[in-house]
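Engineer: Sequence and predicted model, in that order:
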Amino acid sequence: MKSSDKLGYNQSTKSMINLVKDTEIKKPKHELIGIYGGTFDPPHNGHLMVALAAHDTLKTKIHVLPVYIPTSKHPSSSAKHRFNMAEQMVKGHEGLVIDDCEYMRDAPSKSIDTLRELRKHYPNGSLCLVIGMDSLNTFTSWYEWENILKLAHLIVAQRPGYKVPETGLIADILKERMVKNNSELNETQAGKILFFHTMADLDISSTAIRAELATKKNSSMLHPEVLDYINKNHLYDSEDKKSTKEVDDEPYVKPF
């Protein structure tokens, strides 16, 4: 009898040890942290579908971040109300979590500042910034866009009507950085681009919803809890609204 067999170190034991080693090797290097920012004025079903689709793609929690002071908008509702509405929207969805990183800053919101703040909270994580195709097409006009790619991956929601650029700087960036699945995102903390599909192809307009609420106090495009909050707090009442024309419509996923 071999000495290894006397010690109980047989072939089955060796196989189990090798399996454990392989599992350790394949363990993701960096935890994925989903980030979904927006004005959410109000948060509607289009926003919710994108957030849920991002969760299904990344297999991790998506942090929903209502911006405190948008850099390019004048919201109809206060930051407090928009935060509370977004909190109502994510209720009951274990894959989504409300995040007050933007809300607590009390300053104009820029993606780069938010990512730097989140990096302090998640020094070893892979930050995954959820954006839309419309935002991707203008990404190189974002403030410090090169540094954004040093801090986070881009997770791009594909929607009908938007084409992936085939020429130009964006196309060059995609050729260098695009990956096909979320497992490739775990290998590094930032710099990759992953596309995902969403069912949010309905023609949902925040501006139209605000106008609808001002007259009917109802909208099928809102989560029931969000609608209830709006009505209880008399948000978007016609007499209290500045004007829907003063607030540009917001895409489902956008720079913040």
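Structural biologist: Right, received. Where do you want to start? What you are looking at is a predicted structure, and each value in this text was computed from that prediction instead of being measured.

Engineer: The residue nearest the centre of the chain: what secondary structure?
Structural biologist: Most central in the chain under Cα atoms, centre = their mean is Y36, positioned 2.4 Å from the mean C-alpha point. Secondary structure, DSSP: H, G, I helix; E, B strand; the rest coil: Y36 is strand.

Engineer: now swap in L127 and tell me
Structural biologist: L127 - assigned by three-state DSSP - is strand.

Engineer: residues in contact with it?
Structural biologist: Listed by Cβ atoms under 8 Å, 6 or more residues apart in numbering, the contact partners of L127 are I33, I35, L115, L118, R119, L151, A152, H153, Q189, A190. Using the backbone N, CA and C atoms, a C-beta is placed for each residue, glycine as well.

Engineer: Bridged to it, which residues?
Structural biologist: L127 has these beta-bridge partners by DSSP bridges: I33.

Engineer: would L235 count as being in a strand?
Structural biologist: No - going by three-state DSSP, the assignment for L235 is coil, not a strand.

Engineer: pLDDT score for the closest residue to it other than its chain neighbours?
Structural biologist: If the residues on either side of it in the chain are set aside, L235 comes closest to S77, at 5.4 Å by Cβ to Cβ, 6 or more residues apart in numbering. For S77, the model assigns a pLDDT of 93.

Engineer: Where does S77 sit: helix, strand or coil?
Structural biologist: Applying three-state DSSP: S77 is coil.

Engineer: ok, it touching M85?
Structural biologist: Yes - S77 is within contact range of M85, at 7.5 Å (criterion: Cβ atoms under 8 Å).

Engineer: Burial check on the nearest residue to I204 once chain neighbours are set aside, number of neighbours?
Structural biologist: Leaving aside its sequence neighbours, I204 sits nearest to G46 (Cβ to Cβ, 6+ apart; 4.0 Å). Using other Cβ atoms under 10 Å, G46 has 24 neighbouring residues.

Engineer: One more: P42?
Structural biologist: Neighbourhood size, P42 [other Cβ under 10 Å]: 29.

Engineer: quick one: the nearest residue to it once chain neighbours are set aside from D100, how far?
Structural biologist: Spatially, and ignoring its direct neighbours in sequence, P42 is nearest to M85 (5.3 Å; Cβ to Cβ, 6+ apart). Distance, M85 to D100, by Cβ to Cβ, to the nearest Å: 14 Å.

Engineer: So for these two, which sits in the more crowded spot?
Structural biologist: M85 (25 against 13).

Engineer: Can you tell me the element that one falls in?
Structural biologist: For M85, the enclosing helix or strand under DSSP states H and E is helix 79-90.

Engineer: Could I get the buried residue list for stretch 99-110?
Structural biologist: D99, C101, E102, Y103, S109, K110 (16 or more other Cβ atoms under 10 Å).

Engineer: ok, now how distant is the fifth one from G38?
Structural biologist: Which is S109. Distance from S109 to G38, by Cβ to Cβ: 10 Å.
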